[in-house]
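Chemist: Predicted structure and sequence below. I'll ask about it afterward.
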Amino acid sequence: MGVCCRNFLTLNFKGNKLKIRAFLSSILIAFSLSGFAYSPLYHNACDFYFLNYQKSPDVLPTLNVDKTIKHIESFKTIYRNEMRVKIIGGAEGEPIYRIDLPSPNPEAPKILITGGVHGNEPFGVTTSLEVLERLVYNRELREQYNFVILPMLNPAGLKASSRRTLTGVDLNRSFLPGKEVQATKILMRELQGEAFVMGLDLHGARTKTGYFVIKANKNDGGLAQKALAKIPEDLLITSPTGEYPYGIPSTLNKGKIAYVLSSPGETVSNNVGTVKDFFFSKLKIPRAYTIEYPGQIEVYQRQEEFIKLVEGFLYPSHQ
Ligand SMILES: [Zn+2]
């Protein structure tokens, strides 16, 4: 673009510095407005990533998948000295990306963050990318860890705002022998043999009014609690009686208990075939978590608190 613009300027505005300056400013403003110069430090992720977002919690925002892909592709230029971006395979006509943010310390352990396995939970995608872009500027954390981000595990489902894949498969139950589909195989092939100290799979719970975390390992040294303390307790799922353990009723199977809260926002479960189960059982990641945002709060706040919660897991001072 640089060469092209320079030629254009030479031809049209030669000798007229003021006009050139005005022309350059208008280009900059246009790029800023179009999102080209998007930076998580200056913009809100909701405005940037969603197609139909409204502040009302009743409207499910749809991820603009094509724009998100363009944004990820732009990392190759914007962060060319910081990140490695690659497509690890394609599922249902859409690419699955892996982004590495290597530490200057090659011995540093690795943290894995995945998002968008359920296509109707788009804040997992936006949050993994927001956290990634903020990490670029975080020297302290980058000294400590290598980060691996797979922001969109189910891009076709995200495009359709569908929990499942286009063929009706719940990817988050497909990490089992005989149940694997294309995306499952791509992930297993890509990550097998890599060692991670922590794995965070970002989800969302549309019908819930609070954030919560599902731990694979009961004994996580209190890390989940410390991360949950990063957001106000009235934004967590809590026991209505104030007593724990408390069984959260399932919204899908009436009369059943979905999860048992051991403290505000904290549950333990190891549903087989989930991404978290794959992290914990197959990749042997000792700290594997599913992190859930609530569907029933205002979207800006939903986004910001989700970022804070995920970042709460990353700070080594908490571990
Ligand atoms: Zn989910």
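Modeler: All right, it came through fine.
Chemist: For the stretch 151-300 of the chain, which segments are assigned as strands?
Modeler: Per DSSP state E, counting those that start in this stretch, the stretch 151-300 of the chain carries strands over the ranges 198-205, 212-215, 246-249, 257-263, 266-268, 287-294.
Chemist: Quick check: which of the ones you listed is nearest to the ion?
Modeler: strand 198-205 (3.3 Å; CB to the ion). Glycine gets a C-beta too; all of them are placed from N, C-alpha and C.
Chemist: tell me which residues in that closest one are buried?
Modeler: Across strand 198-205, burial judged by 16 or more other CB atoms under 10 Å covers 198-205.
Chemist: Point out the other helices and strands that it packs with.
Modeler: strand 110-115, helix 123-135, helix 275-277, strand 287-294, helix 299-314 (3 or more CB pairs under 8 Å, 6 or more residues apart in numbering; DSSP states H and E).
Chemist: mind putting these in a markdown table, mean neighbour count and distance to the ion included?
Modeler: Below are the helices and strands packed on strand 198-205 laid out as a markdown table (neighbours: other CB atoms under 10 Å; distance: least, CB to the ion, whole Å):
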| stretch | mean neighbour count | distance to the ion |
| --- | --- | --- |
| strand 110-115 | 24 | 10 |
| helix 123-135 | 25 | 8 |
| helix 275-277 | 25 | 9 |
| strand 287-294 | 25 | 7 |
| helix 299-314 | 21 | 13 |
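Chemist: nearest spatial neighbour of the most centrally placed residue in the chain, skipping sequence neighbours?
Modeler: The centre of the chain sits closest to residue 128, judged by CA atoms, centre = their mean, with a distance of 2.4 Å. Excluding the flanking residues, the one nearest residue 128 by CB to CB, 6 or more residues apart in numbering is residue 115, at 3.9 Å.
Chemist: what do you get for residue 182?
Modeler: In space, residue 182 is closest to residue 91, 4.4 Å off (CB to CB, 6+ apart).
Chemist: what pairs with the one you found across the strands?
Modeler: Counting by DSSP bridges, residue 91 is bridged to residue 94.
Chemist: And residue 293, by the same measure?
Modeler: residue 204.
Chemist: coming back round to it: TSV please, covering the helices and strands packed on strand 198-205 and showing mean pLDDT.
Modeler: What follows is these, written out as TSV (pLDDT from 0 to 100):
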stretch	mean pLDDT
strand 110-115	98
helix 123-135	97
helix 275-277	98
strand 287-294	97
helix 299-314	94
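Chemist: got a markdown table for the ones you listed, with distance to residue 167 too?
Modeler: A markdown table is the format used below for the helices and strands packed on strand 198-205 (distance: least, CB to CB, whole Å):
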| stretch | distance to residue 167 |
| --- | --- |
| strand 110-115 | 20 |
| helix 123-135 | 20 |
| helix 275-277 | 18 |
| strand 287-294 | 23 |
| helix 299-314 | 29 |
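Chemist: By proximity to the ion, which residue of the stretch 1-150 of the chain wins?
Modeler: In the stretch 1-150 of the chain, the residue that lies nearest the ion is residue 118 (3.6 Å; CB to the ion).
Chemist: what does this protein have sitting close to the ion?
Modeler: Residues of the chain found near the ion (CB under 5 Å from the ion) are 118, 121, 203.
Chemist: so which of the residues you listed would you say is closest to residue 78?
Modeler: residue 121 (26.4 Å; CB to CB).
Chemist: Need the phi and psi values for that closest one.
Modeler: Main-chain dihedrals, residue 121, degrees, to the nearest 10: phi -130, psi 60.
Chemist: That one and residue 203 touch, don't they?
Modeler: Yes - in this structure, residue 121 is within contact of residue 203 by CB atoms under 8 Å, at 5.2 Å.
Chemist: still on that earlier bit, does the residue nearest to the centre of the chain really touch residue 147, like I thought?
Modeler: No - under the criterion of CB under 8 Å, residue 128 is not in contact with residue 147, lying 10.0 Å apart.
Chemist: which residues are common contacts for residue 121 and residue 203?
Modeler: residue 293 (CB atoms under 8 Å, 6 or more residues apart in numbering).
Chemist: sec struct for residue 89, please.
Modeler: Using DSSP: H, G, I helix; E, B strand; the rest coil, the three-state assignment for residue 89 comes out as strand.
Chemist: residue contacts, the closest residue to it other than its chain neighbours?
Modeler: With sequence-adjacent residues excluded and distances taken as CB to CB, 6+ apart, residue 89 is closest to residue 186, at 3.5 Å. Neighbour list for residue 186: 88-89, 91, 96 [criterion: CB under 8 Å, 6+ apart].
Chemist: Good, we can wrap up now.
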